[in-house]
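Novice: the following block contains a protein sequence and its predicted model.
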Amino acid sequence: MTQTAILGAGVMGETLLSGLVRAGRRVDRLLVGEKRPDRARELEERYGVAVVSNLEAARRAGTLALVVKPQDMGDLLGEIAGELRPGQLVVSLAAGITTAYIESRVPEGVAVVRVMPNTPALVDEGMAAISPGSHCDDAHLVEAESLMGSCGKVLRVPEKQMDAVTAISGSGPAYVFYVVESMIEAGVHLGLPRATATELVVQTLVGSAVMLRETGTHPTVLREQVTSPAGTTAAALRELEVHRVRAAFLAAMEAARDRSRELAEGS
């Protein structure tokens, strides 16, 4: 088994590292590229993993996960390109960075997979979408799925759909947190203590999500099961329709998709 290197040990980089360790990936097969000495020592002590320079990681690893900010991707590729070789796999977790952008900066024959992760990966409930570049075969996609599957679910999508994926699952946790925040504030407004409102809303969200996943029932059916004719839920839903909440979600996700396109075009 070849070594896997994670370049960029921020929150998402460490999330991927810890997921791989919990999933049974051997620590001696993992490398981390990290320049900050304090952070390097912290990771070595916490996981027992070898922390090396980006150049050494690129030299030694068969698979490299690039977990850096989009604005830092060009510098990182410029640093490691001379050590990359055909047959290696580069997995990019940087939002808006296309496979074509990476392929134009690495040697011919390096396989590239683009990933759109999301923050629930922090609790092993991530939703990652992956897209192959032009030199990718099924084995490369399977390896990328293995990496991201260590901290959640993985779905293959054509790269042309990545901007929509970014708008749905990439940014999606923020929409959910926004709704939860709004429901808690409403609970306080209706006279509940904040702690009570928070527990009611969070467990309602968790329970509803589990129902969706475990039953496989369409959300419309589940919503109708809660909505009695002329009842309290019907009254609430009528207000949401009056305020065009459904249309607002569509407009919000279109804005996120358009911004993702802009970021990709500027890369």
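Specialist: Now that the structure is in, tell me what you want to look at.

Novice: contacts and neighbour counts: CA atoms only from here.
Specialist: Fine.

Novice: just to check, residue 112 is in contact with residue 105?
Specialist: No. In terms of CA atoms under 8 Å, residue 112 does not count as a neighbour of residue 105; the distance is 11.2 Å.

Novice: more neighbours: which of the two?
Specialist: Using other CA atoms under 10 Å as the criterion, residue 112 and residue 105 rank with residue 112 on top: 30 against 14.

Novice: quick one, helices of the chain?
Specialist: Taking DSSP state H as the test, the helices found in the chain are 11-22, 37-47, 54-60, 73-80, 99-103, 138-149, 162-165, 172-189, 194-215, 219-226, 232-242, 245-266.

Novice: check contacts around the residue most central in space within the chain.
Specialist: Nearest to the mean C-alpha position of the chain, counting by CA atoms, centre = their mean, stands residue 117 at 1.4 Å. Residues in contact with residue 117, defined by CA atoms under 8 Å, 6 or more residues apart in numbering, are 93, 126, 127, 128, 129, 169, 170.

Novice: just these: which are in strands?
Specialist: 126, 127, 128, 129 (DSSP state E).

Novice: next, count neighbours for residue 99.
Specialist: Look at residue 99: counted by other CA under 10 Å, it has 22 neighbours.

Novice: phi, psi for the residue of the chain positioned farthest from its centre please.
Specialist: The outermost residue of the chain, judged against the average C-alpha position, is residue 230 (40.6 Å), by CA atoms, centre = their mean. The phi and psi torsions at residue 230 (degrees, to the nearest 10) take the values phi 60, psi 20.

Novice: looking at the helices of the chain, which is buried most?
Specialist: Scoring the helices of the chain by mean neighbour count under mean count of other CA atoms under 10 Å gives helix 162-165 as the most buried, with a mean of 22.

Novice: who touches it?
Specialist: So helix 162-165 is contacted by 96, 116, 129, 131, 253, 257, 258, 260, 261 (CA under 8 Å, 6+ apart).

Novice: show me what the second one bridges to in the sheet.
Specialist: Under DSSP bridges, the beta-bridge partners of residue 116 are residue 129.

Novice: how close does it sit to residue 107?
Specialist: Going from residue 116 to residue 107 by CA to CA, to the nearest Å gives 23 Å.

Novice: then residue 219?
Specialist: In terms of CA to CA, residue 219 sits 47 Å off from residue 107.

Novice: same check on residue 253?
Specialist: 36 Å.

Novice: same deal with residue 101?
Specialist: Note on residue 101: its distance to residue 107, by CA to CA, is 12 Å.

Novice: do the same with residue 143
Specialist: Residue 143 is 20 Å from residue 107, by CA to CA.

Novice: ok, now residue 173?
Specialist: 36 Å.

Novice: output the helices of the chain as JSON lines; include the columns mean pLDDT.
Specialist: Compiled in JSON lines, these are given as follows (pLDDT from 0 to 100):
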{"stretch": "helix 11-22", "mean pLDDT": "93"}
{"stretch": "helix 37-47", "mean pLDDT": "91"}
{"stretch": "helix 54-60", "mean pLDDT": "94"}
{"stretch": "helix 73-80", "mean pLDDT": "95"}
{"stretch": "helix 99-103", "mean pLDDT": "95"}
{"stretch": "helix 138-149", "mean pLDDT": "96"}
{"stretch": "helix 162-165", "mean pLDDT": "96"}
{"stretch": "helix 172-189", "mean pLDDT": "98"}
{"stretch": "helix 194-215", "mean pLDDT": "98"}
{"stretch": "helix 219-226", "mean pLDDT": "97"}
{"stretch": "helix 232-242", "mean pLDDT": "97"}
{"stretch": "helix 245-266", "mean pLDDT": "91"}
